[in-house]
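K.L.:
Output the structure for:
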Amino acid sequence: MKRYILASLLVGWSLTGLAETAGLIRSGDHLVPGGYHLVLEAADGATMVNQLGLREAGIRAADVFQAADEIRIFADASNLDVAPLARIWVHAGSGTYRFHTGGEGDAGTFLLPQGAAVVVYLRASTSPVPWPKPEPH
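P.N.:
Below you'll find the predicted structure:
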């Protein structure tokens, strides 16, 4: 039983980063369900989460984090195997971005640090999400 609990904790810990995703997808014109997509490789330091256009593109919102698609913010694209700076999702009832980890309050106004990478995990979407790469702000 102790081994099972330890193994579960280790697996859960590794899932906070992207160590389990050898198949990271560099975003093209669509985000594929079930995939981890690098949608922004290096933020300019002046972009907020709500300016990325992910909600408008159609990532899946939900009433609970586990049922929604997820946005992960990393310090940079070379460190995707560590815990993200923030894990964010869209709440279906309010349409607002919310923090799962990494902050409190309105996650839509989270300013992406200079050089930050943004990965979207389409955990809940069942069809591809159109993704025109946004112009830098």
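K.L.:
any idea where the strands of this structure begin and end?
P.N.:
25-26, 30-31, 36-40, 70-74, 86-90, 97-101, 117-121, 129-130 (DSSP state E).
K.L.:
For the nearest residue to E41 once chain neighbours are set aside, what are phi and psi?
P.N.:
Closest residue in space to E41, ignoring its immediate chain neighbours: A77 at 4.9 Å, by C-beta to C-beta, 6 or more residues apart in numbering. (C-beta placed from N, C-alpha, C; glycine too.) Note on A77: its backbone torsions stand at phi -70, psi -10 [degrees, to the nearest 10].
K.L.:
ok, A77 - contacts?
P.N.:
Listed by C-beta atoms under 8 Å, 6 or more residues apart in numbering, the contact set of A77 reads 38, 41-42, 117.
K.L.:
thinking again about what came up before, could I get the strands of the chain as TSV with mean pLDDT?
P.N.:
What follows is the strands of the chain, written out as TSV (pLDDT from 0 to 100):
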stretch	mean pLDDT
strand 25-26	70
strand 30-31	86
strand 36-40	91
strand 70-74	97
strand 86-90	97
strand 97-101	97
strand 117-121	95
strand 129-130	90
